[in-house]
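**Q** Everything below, folded, please.
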Amino acid sequence: MGESANSDSTETSTLAFAPAATDRDKATSLSGFSLTRLLAFSYREAMEVIRDPVRVAFAFFGSALLLIIIAYGNSQDVNDLTYAALDFDQSPASREYLSNFSSSSYFIEHSPIYSIDELETRLESNEISLGIEIPAGFGRDLKQGNSPEVSASRSTLRPNLSIKA
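**A** Alright, predicted model coming up:
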């Protein structure tokens, strides 16, 4: 009764296509960022802050108070740093260099070191936190106007100790 000869025929449907998106629309939808939305939220938040003086106080004065408390409470000073010196030069210039450490309130001088092995042993045992090694010829290089290198070894048992030379 009115059936077609081909009962296996499939129905065809028509698809409605949306208009092609522009490059600007694609970039906006892919990144999820909308400048218009950002400006709308910013405007709304600004109006809420202006209407509520308690928010203004917390936003500005609270942040400033926290900054002051943290700045004064967080000290980066290294105090009572124990050190010993291995002076291969034994010149007046090397002794004067080491006297700058011993006269500082930041350092506590321990007895001198006489060998590299002793330096390593005292650092590993945490007897000292810093070992200063002055090379031979330090005074001579200083007199000639050169900049001799001084080695500073720190204990690995205190890894968050930083030393600036």
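
**Q** most residues in a single strand of the chain, which one?
**A** The longest strand of the chain (DSSP state E) is strand 81-87.

**Q** between the helix or strand following that strand and strand 81-87, how big is the angle?
**A** Using DSSP states H and E, the helix or strand that follows strand 81-87 in sequence is helix 92-102. Here the directions of helix 92-102 and strand 81-87 differ by 170 degrees (axes from the mean of the first three to the mean of the last three Cα atoms, to 10 degrees).

**Q** for the record, mean pLDDT for helix 92-102?
**A** On average, the pLDDT along helix 92-102 is 92.

**Q** Buried residues in that helix, which are they?
**A** Applying a neighbour-count criterion of 16 or more other Cβ atoms under 10 Å, the buried positions in helix 92-102 are 93, 94, 97, 98, 101. The C-beta positions use only the backbone N, C-alpha and C, and glycine is treated the same way.

**Q** Run the chain-centre distance for that helix.
**A** Per Cα atoms, centre = their mean, to the nearest Å, the displacement of helix 92-102 from the mean C-alpha position of its chain is 33 Å.

**Q** again, but for stretch 72-80
**A** 17 Å.

**Q** Any idea how far apart the tips of that stretch sit?
**A** One end of stretch 72-80 sits 20 Å from the other (Cα to Cα, to the nearest Å).

**Q** What's the per-residue pLDDT of residue 160 here?
**A** Looking at residue 160, its pLDDT reads 53.

**Q** swap in residue 149?
**A** Residue 149 is given a pLDDT of 90.

**Q** what sits against residue 67?
**A** For residue 67, the contact set (Cβ atoms under 8 Å, 6 or more residues apart in numbering) is empty.

**Q** Buried residues of the longest strand of the chain, list them for me.
**A** Those would be 81, 83, 84, 85, 86, 87, for strand 81-87 by 16+ other Cβ under 10 Å.

**Q** Of the buried residues of helix 92-102, just say which sits nearest to residue 64.
**A** residue 101 (38.9 Å; Cβ to Cβ).

**Q** The closest one touches residue 95, doesn't it?
**A** No: if you go by Cβ atoms under 8 Å, residue 101 and residue 95 don't touch, sitting 11.1 Å apart.
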